[in-house]
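Peer 1: sequence-free structure coming up:
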């Protein structure tokens, strides 16, 4: 099983990495890792680099990889951890950390 720290390490080049502990509110994952990059041209390269790094460390490919048509919001579902990579504007628009404001959240330095 993938660890949340492995995922946060894989997106270390992204901005404002945040871990949301989802264990008490949903049954389909344990954690969300949310981060953003400067614009939608960088979301796909960031997600691809993270997946490649995790795969090279022996982790399986994500079971689901989704992206918005305009590439403003991409995700990789590893089961216990779901990675969300946003463009800066999309993160401000969707505000997942506010939507899930009742769950414990931890910023990654």
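Peer 2: Arrived safely. What you see is a predicted model; the values in this text were computed from it and never measured.
Peer 1: tell me the centre residue of the protein?
Peer 2: The residue lying closest to the centre of the chain (C-alpha atoms, centre = their mean) is residue 83, at 2.2 Å.
Peer 1: in what helix or strand does it lie?
Peer 2: strand 81-87 (DSSP states H and E).
Peer 1: So what are the sheet partners of that strand and their directions?
Peer 2: Pairing partners of strand 81-87, with direction, according to DSSP bridges: strand 31-37 (parallel), strand 73-77 (antiparallel).
Peer 1: Return the distance of the residue nearest to the centre of the chain relative to residue 20.
Peer 2: Residue 83 is 11 Å from residue 20, where distance means C-beta to C-beta, to the nearest Å. Using the backbone N, CA and C atoms, a C-beta is placed for each residue, glycine as well.
Peer 1: Now list whatever residues contact both of the two.
Peer 2: Common contact partners of residue 83 and residue 20 (C-beta atoms under 8 Å, 6 or more residues apart in numbering): 32-33.
Peer 1: Can you list the low-confidence ranges for this structure?
Peer 2: Nowhere does the chain drop to pLDDT under 70.
Peer 1: Dump the strands paired with strand 81-87 into a markdown table; add distance to residue 2 as well.
Peer 2: A markdown table is the format used below for the strands paired with strand 81-87 (distance: least, C-beta to C-beta, whole Å):
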| stretch | distance to residue 2 |
| --- | --- |
| strand 31-37 | 10 |
| strand 73-77 | 10 |
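Peer 1: mind checking how far residue 72 is from residue 44?
Peer 2: According to C-beta to C-beta, residue 72 and residue 44 sit 11 Å apart.
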